[in-house]
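Enquirer: The amino acid sequence is not available; the structure is as follows:
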């Protein structure tokens with residue numbers, strides 16, 4: 001998924017169900033200069049969503065122990 005975020009940033013958002021963000025990213029990605037920020041944005045967003053899932057899993061585990 002990280003490679004998709006680097007080479008096709010708009011597809012990374014689209015595959016995760018963020019349609020409006022995908023369209024905005026595609027508009028940014030159309031220019032060669034905008035492609036680099038779009039790729040960085042997609043990778044950071046992917047890492048943040050993975051961290052959110054990890055945190056939710058940890059919170060769930062902590063609540064089940066109490």
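Expert: Yes, it's here. Keep in mind that what you see is a predicted model, and the values were worked out from it rather than measured.
Enquirer: By residue count, which helix of the protein is the longest?
Expert: If you go by DSSP state H, the chain has its longest helix at helix 32-65.
Enquirer: and the gap between the residue nearest to residue 1 when sequence neighbours are not counted and residue 40?
Expert: If the residues on either side of it in the chain are set aside, residue 1 comes closest to residue 46, at 6.2 Å by CB to CB, 6 or more residues apart in numbering. Using the backbone N, CA and C atoms, a C-beta is placed for each residue, glycine as well. Using CB to CB, to the nearest Å, residue 46 is found at 11 Å from residue 40.
Enquirer: the more surrounded of those two?
Expert: A count of neighbours by other CB atoms under 10 Å puts residue 46 above the other of residue 46 and residue 40, at 19 against 13.
Enquirer: dump the residue contacts of the more buried one.
Expert: With contact taken as CB atoms under 8 Å, 6 or more residues apart in numbering, residue 46 is in contact with 1-2, 5, 12, 16.
Enquirer: try it again with 10 Å
Expert: Shown in contact with residue 46 (CB atoms under 10 Å, 6 or more residues apart in numbering): 1-2, 4-6, 9, 12-13, 16.
Enquirer: Identify the contacts common to residue 46 and residue 40.
Expert: With CB under 10 Å, 6+ apart as the test, residue 46 and residue 40 both reach 5-6, 9.
Enquirer: about what we covered before: name the residues of the longest helix of the chain that are buried.
Expert: Neighbour-count burial for helix 32-65 flags 38-39, 41-43, 45-46 (criterion: 16 or more other CB atoms under 10 Å).
Enquirer: Tell me the one of these nearest residue 26?
Expert: In terms of CB to CB, no member of the buried residues of helix 32-65 lies closer to residue 26 than residue 38, at 8.2 Å.
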